[in-house]
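# Please find the sequence and the predicted model below.
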Amino acid sequence: MKAVFIRSQTILRDSHLTHELDESTPRLVPATLEAVRQLGGPETMVVVYDHFAGSGDELPPSLQQMISQIENAAGRVDVAVVCGHQPGASCHCWEDSPGILWGAASRFALDLSSSFLIGDCVADVITAKAAGVRPILVLGDRSVQEVLATSDVGKDFAVAPDLPRAAEFIAIEQEIATTVGAPRDPAVEIPIEFAAEAGSDDLPLVVALSPEARQSQARRMGARLQLGDITRWLVFLTVGGLGLSLGIAYLMTHLYRVQAFPAYVYYLTLQFIPRPIRGAIFLAVGALFVSLAVYSVVKSTRAAASGAHEGRGRSQRG
């Protein structure tokens, strides 16, 4: 699965809007809405991203309003990614630490080397390049000189006058890639800290909005359960089973016959403790680890269900 990342400010600029959307602002123009609609596809997610300082764990109302307008025009936004960090705060979302892209790619198994980013500033170009994504710079009413000024970002990226032209460029590139293959280099490997479902405070908020995105997230989470979590469960169950077995063995020994142990086993197996108490201790230890295993399973299952529920709720509020 690939993606087209598009900055919400770029969408506003294409509709000649200079401020965030609310219920009183004009709607996005039809050409902008149609361009966004063309970005999505069966194998392409549309990811809207931007910086909203202090937004916390909820999507900003202005972004929800934009997504609602796009969906009402038969468009689709699969994922929203928000950097809510205040200026000067620790942030791993942009430029050389492109958490905006890595967070979404990790959550939804996106192929960044086949993905595009549509932005309207130098920071967008740098962020895309750092993650191995193809950047497209939308000028709007500005010139290339006005946007790039003295920045040193090279010339190896596309420039479009508006969003419809950017969408056309992506469609042509994807058709060529389907026909003759894509010569693009592999994307940079995503660091492990960006692969965690529960990110730290310096990472962006990633929200699944569409049914396709929620299904992809569930599949991705299931794969992670099969790796790390199942290993942890097996360890708990093994140790718990061992404790239960030892407890039963000691109780049976007390009931039927007494076996001689080597000297070192006397201390290793707590022989200096009365047998009934010793058996009860091992039973308690075994029960504890079995309980930990059950708790781990329940916690992971609830986390998966909660993530899907929150995604649906935020999508409905949008």
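Sure thing, it's come through. Computed from a prediction, not measured in an experiment: that's the story for all the values here. Residues are numbered from 1 along each chain as shown.
# For the rest of this, base every contact and every neighbour count on C-alpha atoms.
OK.
# For Leu110, list the residues it contacts.
Met1, Lys2, Ala3, Ala104 (CA atoms under 8 Å, 6 or more residues apart in numbering).
# now swap in Phe116 and tell me
Going by CA under 8 Å, 6+ apart, Phe116 touches Ala3, Val4, Phe5, Ala128, Val133, Arg134, Pro135, Ile136, Ile170.
# Let me have those in a markdown table, extended by pLDDT.
Converted to a markdown table, the contacts of Phe116 look like this (pLDDT from 0 to 100):
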| residue | pLDDT |
| --- | --- |
| Ala3 | 97 |
| Val4 | 98 |
| Phe5 | 98 |
| Ala128 | 96 |
| Val133 | 96 |
| Arg134 | 95 |
| Pro135 | 97 |
| Ile136 | 98 |
| Ile170 | 96 |
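# quick one: which of the residues you listed sit in helices?
Mapping these onto helices (DSSP state H) picks out Ala128, Ile170.
# Can you list which of the contacts of Phe116 are found in strands?
Mapping the contacts of Phe116 onto strands (DSSP state E) picks out Ala3, Val4, Phe5, Arg134, Pro135, Ile136.
# Apart from its chain neighbours, what residue comes closest to the residue nearest the centre of the chain?
Geometric centre of the chain, nearest residue: Arg107, 3.0 Å, by CA atoms, centre = their mean. Nearest residue to Arg107 in three dimensions, chain neighbours excluded: Gln217, at 6.0 Å (CA to CA, 6 or more residues apart in numbering).
# Mind telling me what element that neighbour is part of?
Using DSSP states H and E, Gln217 sits within helix 211-224.
# For that helix, enumerate the helices and strands it packs against.
Under the contact criterion of 3 or more CA pairs under 8 Å, 6 or more residues apart in numbering; DSSP states H and E, helix 211-224 touches helix 99-108, helix 275-317.
# For the longest one, the averaged confidence score.
In this model, helix 275-317 carries a mean pLDDT of 68.
# what do you get for the first one?
Confidence over helix 99-108, taken as the mean pLDDT, stands at 93.
# Could you pull up the residues touching Glu95?
Contacts of Glu95 (CA under 8 Å, 6+ apart): Ala123, Asp124, Ile126, Thr127, Ala128, Ala130.
# isn't the residue nearest to the centre of the chain right up against Arg220?
Yes. Between Arg107 and Arg220 there is a contact under CA atoms under 8 Å: 6.8 Å.
# all helices for this protein, in order.
Using DSSP H, helices in the chain cover 8-14, 30-39, 61-72, 99-108, 122-131, 144-148, 163-180, 211-224, 230-256, 263-268, 275-317.
# Right, I'll call it a day here.
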